[in-house]
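Undergrad: okay, predicted coordinates and the sequence, questions at the end:
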Amino acid sequence: MIRDEEILNRVDKEKLPRHVAIIMDGNGRWASYRGLLRSAGHSAGMKTLKKILTVAVNLNLEALTVYAFSTENWKRPHAEVDFLLKLFSEYLEKEKLEMHEKNVRLRFLGRVEEFSAGIQNQIREATQLMKNNTGVKFNIAANYGGQDEILRAAQKLAQDVATGKISPAQITASTFEDALDTCGLPPVDLLIRTSGDIRISNFLLWQSAYAELFFTNTQWPEFSPEEFVDALIDFSHRERKFGGVKS
Ligand code: FPP
């Protein structure tokens, strides 16, 4: 416990990002390097997620969004997809009460309606349980793609124009943001990607327009609270200009 506090005390609470997004990459490689099945990497990744969410709760971050399953991940072998879906179900079952006790507000981003009825029920139950919570906004992107999200928002607004609900001029950055899955969340301040690849992979494309990026070679199962805090400290030293000049 004291060690946890020591880790957290390294961060300047005044300079925390409001919204941190994480591409939790490297579960498969972590497992392969150890001669384990990829599924073992995902299970280990689930434990890491729990630890990182705890840090977010203890620091009272405003929002944490993680990339759990992309619209492209269906291309993986059936067994791996099935395992991941089982893991989400297990995670919701095991963690929902603890998340609720920690005042976490859970939300899912993406086409959740394409998951099985069972998982959809679990998602509904868990999000309903936490809907009035006021702590960390914890968002799990599942069956999510940034381009897909933007297209769905555009289609929704086009529909509103077609039915005369709004005029084309009423499509502004603000109304567009309201049509995204992330409606009501602040823009991403810090985007972290583990496991060495230096790309965004269709994650929160609109929301990360001015995000600070943090890439690490550490594979997700090994990503520790210490390194998460390192990323937050690194962020606190970045000079943000949002297209303007240094103030
Ligand atoms: C990317 O690593 C990771 C994923 C596609 C799945 C992320 C899932 C978890 C962290 C499990 C827990 C999540 C929840 C919400 C319960 P990869 O498999 O692409 O790794 P590789 O690039 O090394 O192959």
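TA: Arrived safely.

Undergrad: residues contacting the lowest-mean-pLDDT helix or strand in the chain, please?
TA: Using mean pLDDT, DSSP states H and E, the weakest-scoring helix or strand in the chain turns out to be helix 2-9, at a mean of 80. Here helix 2-9 makes contact (Cβ atoms under 8 Å, 6 or more residues apart in numbering) with Val55, Asn58, Leu59, Pro225, Glu226, Val229. Heads up, the C-betas are built off the backbone N, CA and C, glycines and all.

Undergrad: now do the helices in the chain.
TA: 2-9, 27-33, 38-58, 78-101, 117-129, 146-162, 173-178, 225-236 (DSSP state H).

Undergrad: grab the nearest non-local neighbour of the closest residue to the ligand within the chain.
TA: The nearest approach of the chain to the ligand comes at Gly28, 2.5 Å away (Cβ to the nearest ligand atom). Nearest non-adjacent residue to Gly28, counting by Cβ to Cβ, 6 or more residues apart in numbering: Arg38, 4.4 Å away.

Undergrad: and for Ile166?
TA: Nearest to Ile166 is Asp160, by Cβ to Cβ, 6+ apart, at 4.7 Å.

Undergrad: what count of nearby residues applies to that neighbour?
TA: When neighbours are counted by other Cβ atoms under 10 Å, Asp160 registers 16.

Undergrad: just for the protein, where's the confidence low?
TA: Under the criterion pLDDT under 70, the flagged ranges of the chain are 1-2, 247.

Undergrad: residues from it in reach of the ligand?
TA: Residues of the chain lying close to the ligand by Cβ under 6 Å from any ligand atom are 24-29, 42, 45-46, 49, 68, 73, 84, 87-88, 91, 140, 195, 220.

Undergrad: hmm, try it at 5 Å
TA: Met24, Asp25, Gly26, Asn27, Gly28, Arg29, His42, Gly45, Met46, Ala68, Tyr91, Ile140 (Cβ under 5 Å from any ligand atom).

Undergrad: would TSV of these with neighbour count be doable?
TA: Compiled in TSV, the residues of the chain next to the ligand are given as follows (neighbours: other Cβ atoms under 10 Å):
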residue	neighbour count
Met24	22
Asp25	24
Gly26	24
Asn27	24
Gly28	21
Arg29	16
His42	23
Gly45	27
Met46	21
Ala68	25
Tyr91	18
Ile140	24
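
Undergrad: shouldn't the residue nearest to Ile166 be in contact with Ser167?
TA: No. The criterion here is Cβ atoms under 8 Å, and Asp160 misses it with Ser167 at 9.5 Å.

Undergrad: quick revisit: got the contact list for the residue of the chain closest to the ligand?
TA: Arg38, Gly41, His42.
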